[in-house]
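Undergrad: 3D, please:
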Amino acid sequence: MSGKVLVLNQDYSPLTVCTVQRAFLLVFLEKADLLEADQNEKLHSVSNTYPMPAVIKIKNYIHVPYRGVVLTRQNIFKRDHGQCQYCGTDSYLTLDHLIPRSKGGRSTWTNLVTACQSCNAKKGNHSLEEVGLVLKRPPYKPSYIMFLRNNLGAMKKEWASYLNAPAVA
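TA: Reported below is the predicted structural model:
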C-alpha cells in the first residue's frame, strides 16, 4: 500500500499530498470524502475490498494562512529542474546570486539560480552582462500549487482536473 493521494480542502483547493494509508484512514473515519479512486488498485482486508484513494476532500474547512514555498537550496534546484541555468548541465550544481551578495544581492527567489561550479566560478563576483552569460530561464517565485504540480514527479491522471494541469501518468 504505497503511493500518494491528493488532499483537497472543503472548497476543493489543494491542501497537500499524503500517503494512501493516511487518506484511507481519513475516509474510513468519515473525516474526508473519496472523490477519485485509483482504477487499477484496490485495498484488501481479511473480509472486505475498498477502493484505493487517489483524491480526497476534507469535510471540515481547514484555514491555511498564506502558504508559500520555502526558499531552500533543494527547492531552487527543483524550480530550475536540476540544471545549470547558464549551460544546462546537471553535474556539480551550486547556487548563484545574480546580483552578488558583495554588491547588495540578497537570497531571494528572483536573485538565486542553479549553476554548475564552472559557470558559477566564471561569473564570480560580476554581473551577467560583464561576463557574457545568459540565463536559460528567468528566476521566479513559484506558487504553492505550481510547485506541488511541477515537483511531485509523475502526477496521477486523477489529479489533473484539481490542479489544472495535464496528467503525466
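
Undergrad: what are the buried residues along the worst-scoring helix or strand of the chain on mean pLDDT?
TA: Ranked by mean pLDDT, DSSP states H and E, the weakest helix or strand in the chain is helix 144-150, scoring a mean of 71. Within helix 144-150, the residues that count as buried by 16 or more other C-beta atoms under 10 Å are 144-149. For glycine as for every other residue, the C-beta is placed from the backbone atoms N, C-alpha and C.

Undergrad: same question for stretch 70-78.
TA: Neighbour-count burial for stretch 70-78, counted by 16+ other C-beta under 10 Å, picks out 75-78.

Undergrad: helices - which of these land there?
TA: Filtering these for membership in helices, criterion DSSP state H, returns 75-78.

Undergrad: distance to G105 added to the buried residues of helix 144-150, as TSV?
TA: Shown next, in TSV, are the buried residues of helix 144-150 (distance: C-beta to C-beta, whole Å):
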residue	distance to G105
Y144	25
I145	28
M146	24
F147	23
L148	28
R149	29
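
Undergrad: tell me the one of the residues you listed nearest V20?
TA: Taking C-beta to C-beta as the measure, V20 sits nearest to L148 out of these, at 17.5 Å.

Undergrad: I'd like to know how far the closest one sits from K4.
TA: As judged by C-beta to C-beta, to the nearest Å, L148 and K4 stand 11 Å apart.

Undergrad: identify the contacts common to those two.
TA: Jointly contacting L148 and K4 under the rule C-beta atoms under 8 Å, 6 or more residues apart in numbering are V17.

Undergrad: show the subsequent helix or strand relative to whichever helix or strand A115 is part of.
TA: Taking DSSP states H and E as the criterion, A115 maps to strand 112-116. Counting by DSSP H and E, the element after strand 112-116 in chain order, helix or strand, is helix 117-123.

Undergrad: just checking, what packs against the longest strand anywhere in the chain?
TA: Scanning the chain for the longest strand, with DSSP state E as the assignment, gives strand 32-44. Secondary-structure packing of strand 32-44 (3 or more C-beta pairs under 8 Å, 6 or more residues apart in numbering; DSSP states H and E): helix 20-28, strand 49-58.
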